[in-house]
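[1] sharing a model that was predicted from the sequence below.
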Amino acid sequence: MAITELVFLHPKPSHDHLELLECFMEYLESQDEWSRQHQPHIHRGERKENLSTLFITTTDPLTILMISPWDSLQAQEEWLQFEEDEGIFKKLGQVVVEEHHDISRFYVHPVSNLREVPDVRDIASPVELCVMSTSEVEERTVLAEFDQLDKVTLEGGGYAWGGWKLNKSGDTPKFVCLVAKGGNPLSEFVDRVGLSAPSNVRCFHPLV
């Protein structure tokens, strides 16, 4: 089953922006090359400059969001093992706060028409991200409202991407939604769904 990985990292307070960008670019180059070699069929023969996408917040706490497509959870786990064996994360670990085992990382099964998150550099607006806890009853409402959100954002020249977080048995279902479009479509979406649990909408910009 195809999945999308979301990783959240926090730069060290004394980080240099250019050094930070260089470290992330080197890391993603290694990850992209491994991905092309071990799961070429998910790229449909395309030779994208970058397979993964980087975002950064503009408010505290400063957070970098890295989004990567994978053929399966097993493929992603094989990459992590290769990364550890080759020491690929070592340089990146010098500019982020967390130790490797403390990185906030989760996986999403996309339900939107967009299997992968598009290149946000093609859209002149920031991206909003929200992770929503839902009940079984609310799941149907979330999907119905997301379908409407998808249509509205596409008509406006943006996009909506979403999916269910892969949870352990017994965990509360969580829906992850990412929107690139002017205005406040994601906040409005959350309000329309009317979830019983509060949801936090965060704004990110492409890390360039």
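    Sure, I can see it. Everything quoted here is computed from the prediction, not taken from an experiment.
[2] list the buried ones in stretch 72-85?
    75-76, 79, 83 (16 or more other C-beta atoms under 10 Å). Where you see a C-beta, it was placed from the backbone N, CA and C, and this is true even at glycine.
[3] thought S104 was touching P61?
    No. Here S104 does not reach P61: they are 11.6 Å apart, not a contact under C-beta atoms under 8 Å.
[4] which strands and helices sit next to the lowest-mean-pLDDT helix or strand in the chain?
    Sorting the helices and strands of the chain by mean pLDDT, DSSP states H and E puts helix 185-193 at the bottom, at a mean of 79. The contact analysis (3 or more C-beta pairs under 8 Å, 6 or more residues apart in numbering; DSSP states H and E) places helix 185-193 against strand 127-133, helix 136-155, strand 174-180, strand 200-206.
[5] list the buried residues for that helix?
    For helix 185-193, by 16+ other C-beta under 10 Å, it's 185-186, 189-190, 193.
[6] which sections of this structure are below the confidence cut-off?
    41-50, 98-103, 112-125, 137, 168-170, 181-184, 195-199, 208 (pLDDT under 70).
[7] can I see the domain layout of it?
    3-110, 120-203 (automatic domain parsing).
[8] looking at the buried residues of stretch 72-85, which one is closest to Q31?
    W79 (6.6 Å; C-beta to C-beta).
[9] now do the phi/psi pair for the closest one.
    phi -60, psi -40 (degrees, to the nearest 10).
[10] relative to helix 136-155, how tilted is the least confident helix or strand of the chain?
    150 degrees (axes from the mean of the first three to the mean of the last three C-alpha atoms, to 10 degrees).
[11] contacts for helix 185-193, please.
    Helix 185-193 has contacts (C-beta atoms under 8 Å, 6 or more residues apart in numbering) with 128-130, 132, 138, 141-142, 145-146, 149, 152-153, 158, 160, 177, 179, 199, 201.
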